[in-house]
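Visitor: need a structure here:
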Amino acid sequence: MKVDLLFRIIGALILGIFGWEIGMELAGTSALTGESIRWVAPLTAVGALIGALLAPWLTTVPARWARLNVRQIPAQQILAAAIGLVVGLMIAALLAWPLSFLPSPFGKLLPAIGALVFGYLGTIVMVLRQKDIFALLGARWSASAALQEHTPVLLDTSVIIDGRIADICQTGFIRGPMIVPRFVLNELQHIADSADPLRRNRGRRGLDMLNKMQHESAVPVIISDLDVDGVRQVDDKLVQLGKQLGCPVVTNDFNLNQVAGLQGVVVLNINALANAVKSVVLPGETMRVRVIQEGKENSQGVAYLDDGTMVVVENGYRYMNSSLDVVVTKVLQTNAGRMLFAQPHTN
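Guide: Numbering: from 1, shown residues only. From the prediction side, this is the model:
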């Protein structure tokens, strides 16, 4: 508030002086007389009032807007905009000299208009075609550290609580930094403070897992203040940030996966990855399993492969708590994953 008041005073002084000068010019004199006061007094007052009203909108308000939004703009876009502005102003400077020879008022107005137009065009063209232009110049396309090779990813709450992301990072499949927005961390803290014991334990597990990843992960884990104004839901904020930054969202939330996909945001689903790396088994193959529980049917037994795939063994109940060779008869893909049906192998 004090800064706003300061700029209001400065604006009032500047435009007040400007109004004074206009009043003296209209009065046709450089001396302060009764005749000139009729022009000077009202124009000075109007100038000071306009300056006081407009000063924050020309100074502090744009500064606050820039502070909130510039943090959400990728560094490569800022660099591209700066290069485009410089190139546009250089073109405008080259044209300013011949344009200045045009008759008045074109000789005075066109150089200034040219600077505005070419500065704007240079910025827009560079931002929109930055990848192509950098590629033509032979530059390596990066987002602060080679975006193509080390793309950052956004982590959502569910994937942090799940914890498998830590093991995936150790394998090297994720090479870029993992960004955890502050609002995701706040949601984890809110869950950890829940009165429900189950939610509280999940939240605390997520905080412990995040702390572990910060100390042990092969790639950096960054707690970022990035936010999206006007959006309250955490999932919606993640999707919007993914669109703004051009980076994937890592999750195991099916609904977030669908919503992000519809909006063109790349999603790395941990559950989909787990299903993709499960063993490929075809009907007719033989394997050895250990029956550990009863199936839905009285005669069925249930076993599990090392990757968690369920194997339903027909007539396998009598082999409870023992190992046997089985022949796969059917492979069933469900929303929960892959399920195998088999029967005891007979020589």
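Visitor: the most centrally placed residue in the chain: which element?
Guide: Centroid-nearest residue in the chain, with C-alpha atoms, centre = their mean: residue 241, separated by 2.7 Å. Counting by DSSP states H and E, the element that carries residue 241 is helix 234-245.
Visitor: residue 328 now?
Guide: Using DSSP H and E, residue 328 sits in strand 323-334.
Visitor: buried stuff in that strand?
Guide: For strand 323-334, burial by neighbour count (16 or more other C-beta atoms under 10 Å) applies to 324, 326, 328, 331. In this view, the C-beta of every residue, glycine as well, is placed from N, C-alpha and C.
Visitor: identify the farthest-apart pair in those.
Guide: Maximum pairwise distance among these (C-beta to C-beta): 19.3 Å, between 324 and 331.
Visitor: and the residue nearest to the centre of the chain, how close does it get to residue 281?
Guide: Here residue 241 is placed at a distance of 39 Å from residue 281 (C-beta to C-beta, to the nearest Å).
Visitor: repeat for residue 299
Guide: For residue 299, the distance to residue 281 - C-beta to C-beta - is 22 Å.
Visitor: now residue 268: closest residue in space that isn't a chain neighbour?
Guide: Counting by C-beta to C-beta, 6 or more residues apart in numbering, residue 268 lies nearest to residue 250, which is 4.6 Å off, once chain neighbours are set aside.
Visitor: ugh, wrong one, residue 85
Guide: Of all residues not flanking residue 85 in the chain, residue 123 sits nearest, at 4.9 Å (C-beta to C-beta, 6+ apart).
Visitor: before we move on, what's the pLDDT of the one you found?
Guide: The confidence metric pLDDT takes the value 89 at residue 123.
Visitor: and what of the one 3 residues further on?
Guide: Reported pLDDT at residue 126 in the predicted model: 86.
Visitor: can you check residue 1 too?
Guide: 50.
Visitor: what helix or strand does residue 280 sit in?
Guide: Using DSSP H and E, residue 280 sits within no helix or strand.
Visitor: what's around it, how many residues?
Guide: Other residues within reach of residue 280 by the criterion other C-beta atoms under 10 Å amount to 8.
Visitor: low-confidence ranges in the stretch 101-250 of the chain?
Guide: Scanning the stretch 101-250 of the chain for pLDDT under 70 picks out 134-150.
Visitor: where do the helices sit along it?
Guide: According to DSSP state H, counting those that start in this stretch, the stretch 101-250 of the chain carries its helices in the segments 106-128, 130-136, 157-162, 164-171, 182-192, 197-216, 234-245.
Visitor: show me what the first one is packed up against.
Guide: For helix 106-128, the elements it packs on are helix 75-99, judged by 3 or more C-beta pairs under 8 Å, 6 or more residues apart in numbering; DSSP states H and E.
Visitor: the helix it packs on packs against which elements?
Guide: Identification of packing neighbours for helix 75-99 by 3+ C-beta pairs under 8 Å, 6+ apart yields helix 106-128, helix 130-136.
Visitor: pick the most deeply packed of those helices.
Guide: Mean neighbours per residue, mean count of other C-beta atoms under 10 Å, is largest over the helices and strands packed on helix 75-99 for helix 106-128, with a mean of 16.
Visitor: got the CA positions of that one in PDB?
Guide: Taking Å, rounded to 0.1, in the frame of the first residue of the first chain, the C-alpha atoms of helix 106-128 are listed here in PDB:
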ATOM      1  CA  PHE A 106       5.100  10.900 -41.100                       C
ATOM      2  CA  GLY A 107       8.900  11.400 -40.600                       C
ATOM      3  CA  LYS A 108       8.300  11.700 -36.800                       C
ATOM      4  CA  LEU A 109       5.600   9.100 -36.300                       C
ATOM      5  CA  LEU A 110       6.600   6.200 -38.500                       C
ATOM      6  CA  PRO A 111       9.900   5.400 -36.800                       C
ATOM      7  CA  ALA A 112       8.200   5.100 -33.500                       C
ATOM      8  CA  ILE A 113       5.400   3.100 -34.900                       C
ATOM      9  CA  GLY A 114       7.900   0.900 -36.700                       C
ATOM     10  CA  ALA A 115       9.700   0.200 -33.400                       C
ATOM     11  CA  LEU A 116       6.500  -0.900 -31.800                       C
ATOM     12  CA  VAL A 117       5.300  -3.000 -34.700                       C
ATOM     13  CA  PHE A 118       8.600  -4.800 -35.400                       C
ATOM     14  CA  GLY A 119       9.300  -5.300 -31.700                       C
ATOM     15  CA  TYR A 120       6.000  -7.000 -31.300                       C
ATOM     16  CA  LEU A 121       6.300  -9.000 -34.500                       C
ATOM     17  CA  GLY A 122       9.800 -10.200 -33.600                       C
ATOM     18  CA  THR A 123       8.700 -11.300 -30.100                       C
ATOM     19  CA  ILE A 124       5.600 -13.200 -31.400                       C
ATOM     20  CA  VAL A 125       7.300 -14.900 -34.300                       C
ATOM     21  CA  MET A 126      10.200 -16.000 -32.100                       C
ATOM     22  CA  VAL A 127       8.000 -17.400 -29.300                       C
ATOM     23  CA  LEU A 128       5.700 -19.200 -31.700                       C
END
